[in-house]
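# requesting a structural model of the entry that follows:
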Amino acid sequence: MRIARAGRQKFALKGPGWVTAWHSAAVFLGALLLSWPALYNGFPLLYPDSMTYLDDGRIVGRAVFLHEFSSYYGMRSPFYSLGILPWHWNINPWPVIALQCLLVAWVVWLVVRSIAPVQTAARYLALMLLLSLLTSASWYSAFLMPDILGPVAYLGIYLLAFARESLSRAERLGLYLVSWWGITAHASHLLLAAGLCALLVVYAVFEHRLFFARLRLLGQVAVILLVAAVSQMALNGYLYGKPSLSGERPPYLLARVIADGPGLWYLEGHCGKAQWAACRHMKELSGDSDGFLWGEGGGYEASSDDEQERLKREEMPLVLAAARTYPREQFERSTANFREQLLAFGLFGFDSNPWMLGEFNYVLPEARVSYLGSRQARGELPLNAVSSIQWWTVLASLAATIVAIPLLWRRHSARLAGLSLVIFSTVVLNALVTGVLSVVDDRYGCRVMWLIPLLAGLFVLDWLAQRQTAREGA
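Residues are numbered from 1 along each chain as shown. Sure, this is the predicted structure:
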């Protein structure tokens, strides 16, 4: 409270309008710092899935707003596709990157302000500069994919559960909307947010005196999760005729269990007795789940529509049967996948892709020439160097956070404790959900690993704020 009063007195002479303008400018500058990889590249960073998100938006939009239905709406999140459609209209993707950078910059601003409310703008910009140069925060903000919206939603959960009193009514309403969009933007985000909410309920049990107050705040987060789940089921029901959380999701878990071994062993021992659809693809099954799902001549990709539907219907029964038959082997393999995913956060996957280039002809025809001039298209992005920088930054941040934990314990800072719980739980749950249920991929680790340096930076800002308070009180 003394820090907040000091901040208000400092800016009183210059007026609230000046303060608001300066703070808005700080957020804008933070967004500009996050956009540097796209500016350096000469074009927004893309992934093959980026083209499907860009293309699916207009197909889903026609069904929702014009009632022009299609037989196929893609297998990605329709909410991300619809959300970015007004920002690109299949003409120019740059406004999408501007939107993502602004959202990340704004939410990080709210987090920084909740921890260090004095000299917030200057300290925020210093932290944003370090995050943008040393971590994947800027690369994934400038990446035309929904990955960055997951961390935005998780930080929103921290703000609503632990720092609600630091937010204005307009900021809370904005966080409700942004968190909802972030949760619906990717299938894994709903799972992570639900797991995070459950962990925070357990944490609230140990707060004793604050239990009921914390539970009321978590109730708001639970409402956002519920609305997100209902929205997904309603839209999928409208598009496909049956409510579901996953839409036309491929059988990722089936491919994972087969690649791990137990699924393949189970099929080898039972295909003579049972008529599983996967038995028809024994020659294509291997230790590569992506090969089964997407490879040319792969089992799922080469199947007819009816056979793909059957593979999806049989996914959970086959996965459960394999897990019951080989429980120890599946547990060991899943544990190894989790451990591998936890350590996989290199900045890779921004390579030039022939299929992606071909999609420009009808997804972004007017932007094709600009993309061809980008460093990504020419294969000139310094991904190895940036990955090494992030690796050492994360290690240093972990060491600094471990050193700071005893100080946190002595100070009993509820906000820093809550933020630490949210960030470390997010990193662990992210590795658990993606590595065990889908596939180990550096992209999945990169989208959340920048939160650890963010936490370390906030520990430093809190320490500086405490020193300033001590000097002023002396």
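# and Y140, backbone torsions?
Dihedral pair for Y140: phi -90, psi -20, per degrees, to the nearest 10.
# what about the stretch 101-250 of the chain, any weak spots by pLDDT?
208-209 (pLDDT under 70).
# hey, where'd the helices end up in it?
Using DSSP state H, counting those that start in this stretch, the helices of the stretch 101-250 of the chain run over 120-134, 137-141, 149-162, 169-184, 187-205, 211-240.
# output these as TSV; include the columns mean neighbour count and distance to S438.
The way it works is simple: take the backbone N, C-alpha and C, and place the C-beta from them, glycine included. Listed next are these as TSV, based on neighbours: other Cβ atoms under 10 Å; distance: least, Cβ to Cβ, whole Å:
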stretch	mean neighbour count	distance to S438
helix 120-134	19	27
helix 137-141	27	18
helix 149-162	25	14
helix 169-184	19	17
helix 187-205	19	7
helix 211-240	16	18
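# next up, the contacts around S136.
By Cβ atoms under 8 Å, 6 or more residues apart in numbering, the residues touching S136 are 345, 347, 390, 446-447, 449-450.
# now it. Nearest residue, chain neighbours left out?
Closest residue to S136 apart from its sequence neighbours, by Cβ to Cβ, 6 or more residues apart in numbering: C446 at 4.3 Å.
# average pLDDT across the helix or strand that contains the one you found?
Assigned by DSSP states H and E, C446 belongs to helix 442-449. The average pLDDT within helix 442-449 is 96.
# one more: stretch 263-281?
What stretch 263-281 shows for mean pLDDT is 83.
# in the chain, which residue is closest to the centre?
Residue closest to the average C-alpha location in the chain (Cα atoms, centre = their mean): G150, at 2.8 Å.
# mark out where each domain of the chain begins and ends.
The record's domain parsing of the chain by automatic domain parsing lists 2-238+347-381, 262-325.
# flag the shaky bits of the stretch 251-400 of the chain, pLDDT-wise.
286-287, 295-298.
# apart from its neighbours in sequence, what residue is nearest D147?
R447 (3.9 Å).
# before we move on, back to that, just checking, the residue nearest to S136 touches Q341?
No: taking contacts as Cβ atoms under 8 Å, C446 lies outside contact range of Q341: 11.2 Å.
# can you list contacts of stretch 31-41?
So stretch 31-41 is in contact with 44-45, 94, 97-98, 101-102, 104-106, 125, 128-129, 131-132, 137-139, 141-142, 374-376, 381, going by Cβ under 8 Å, 6+ apart.
# how long is that stretch from one end to the other?
16 Å (Cα to Cα, to the nearest Å).
# roughly how far is it from the heart of the chain?
Counting by Cα atoms, centre = their mean, to the nearest Å, stretch 31-41 is centred 19 Å from the centre of its parent chain.
# same question, stretch 146-158
On Cα atoms, centre = their mean, the centre of stretch 146-158 falls 6 Å from the chain's centre.
# ok, stretch 320-331 next?
Chain-centre distance of stretch 320-331: 30 Å, with Cα atoms, centre = their mean.
# can I have that stretch written out in PDB, keeping just the CAs?
Written as PDB, here are the backbone C-alpha positions of stretch 320-331 (Å, rounded to 0.1, in the frame of the first residue of the first chain):
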ATOM      1  CA  LEU A 320      -7.500 -48.300 -22.900                       C
ATOM      2  CA  ALA A 321      -7.100 -51.900 -24.000                       C
ATOM      3  CA  ALA A 322      -3.400 -51.400 -24.800                       C
ATOM      4  CA  ALA A 323      -2.800 -49.600 -21.400                       C
ATOM      5  CA  ARG A 324      -4.500 -52.500 -19.500                       C
ATOM      6  CA  THR A 325      -2.400 -55.100 -21.300                       C
ATOM      7  CA  TYR A 326       0.900 -53.300 -21.000                       C
ATOM      8  CA  PRO A 327       0.500 -50.900 -18.000                       C
ATOM      9  CA  ARG A 328       4.100 -50.800 -16.800                       C
ATOM     10  CA  GLU A 329       5.500 -50.300 -20.400                       C
ATOM     11  CA  GLN A 330       3.000 -47.500 -21.200                       C
ATOM     12  CA  PHE A 331       3.700 -45.800 -17.900                       C
END
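# now do the buried residues in it.
For stretch 320-331, the neighbour count (16 or more other Cβ atoms under 10 Å) marks 321-323, 326, 330 as buried.
# just send the residues you listed back as JSON lines, with secondary structure and distance to V363 too.
Compiled in JSON lines, the buried residues of stretch 320-331 are given as follows (DSSP: H, G, I helix; E, B strand; the rest coil; distance: Cβ to Cβ, whole Å):
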{"residue": "A321", "secondary structure": "helix", "distance to V363": "40"}
{"residue": "A322", "secondary structure": "helix", "distance to V363": "38"}
{"residue": "A323", "secondary structure": "helix", "distance to V363": "39"}
{"residue": "Y326", "secondary structure": "coil", "distance to V363": "43"}
{"residue": "Q330", "secondary structure": "helix", "distance to V363": "39"}
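# would you mind giving those as CSV with distance to R169 added?
As requested, the buried residues of stretch 320-331 are exported to CSV (distance: Cβ to Cβ, whole Å):
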residue, distance to R169
A321, 52
A322, 51
A323, 48
Y326, 54
Q330, 49
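# out of those, which comes closest to W355?
A322 (31.9 Å; Cβ to Cβ).
# any idea how far that closest one lies from E315?
In this structure, A322 and E315 are 11 Å apart, going by Cβ to Cβ, to the nearest Å.
# about what we covered before: most widely separated two among the contacts of S136?
Based on Cβ to Cβ, the longest span within the contacts of S136 runs between Q390 and R447 and measures 12.1 Å.
# have a look at the two and say which one is more surrounded.
R447 (28 against 22; other Cβ atoms under 10 Å).
# on that earlier part again, of the contacts of S136 - the most surrounded one?
For the contacts of S136, the largest number of neighbours (other Cβ under 10 Å) sits with M449, at 30 neighbours.
# go ahead and confirm that residue touches W139.
No: counting by Cβ under 8 Å, M449 stays clear of W139, with 11.2 Å between them.
# surely S425 is in contact with L196?
Yes: S425 lies in contact with L196 (Cβ under 8 Å); the separation is 5.6 Å.
# returning to that earlier point: check which helices and strands the helix or strand following the helix holding C446 is in contact with.
Next along the chain after helix 442-449, taking DSSP H and E as the criterion, comes helix 451-473. If contacts are counted by 3 or more Cβ pairs under 8 Å, 6 or more residues apart in numbering; DSSP states H and E, helix 451-473 sits against helix 2-12, helix 94-115, helix 120-134, helix 149-162, helix 383-411, helix 414-431.
# dump those into TSV; add distance to P243 as well.
Listed next are those as TSV, based on distance: least, Cβ to Cβ, whole Å:
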stretch	distance to P243
helix 2-12	46
helix 94-115	29
helix 120-134	39
helix 149-162	22
helix 383-411	40
helix 414-431	25
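# hey, which of those helices is tucked in deepest?
Greatest average neighbour count among these goes to helix 149-162 (a mean of 25), per mean count of other Cβ atoms under 10 Å.
# tilt between it and helix 211-240?
150 degrees (axes from the mean of the first three to the mean of the last three Cα atoms, to 10 degrees).
# centre of the chain to helix 149-162, how far?
With Cα atoms, centre = their mean as the basis, helix 149-162 stands 11 Å off its chain's centre.
# ok, now stretch 439-454?
Averaging C-alpha positions (Cα atoms, centre = their mean) puts stretch 439-454 9 Å from its chain's average.
# same deal with stretch 266-282?
Its chain's C-alpha centre and that of stretch 266-282 lie 36 Å apart, by Cα atoms, centre = their mean.
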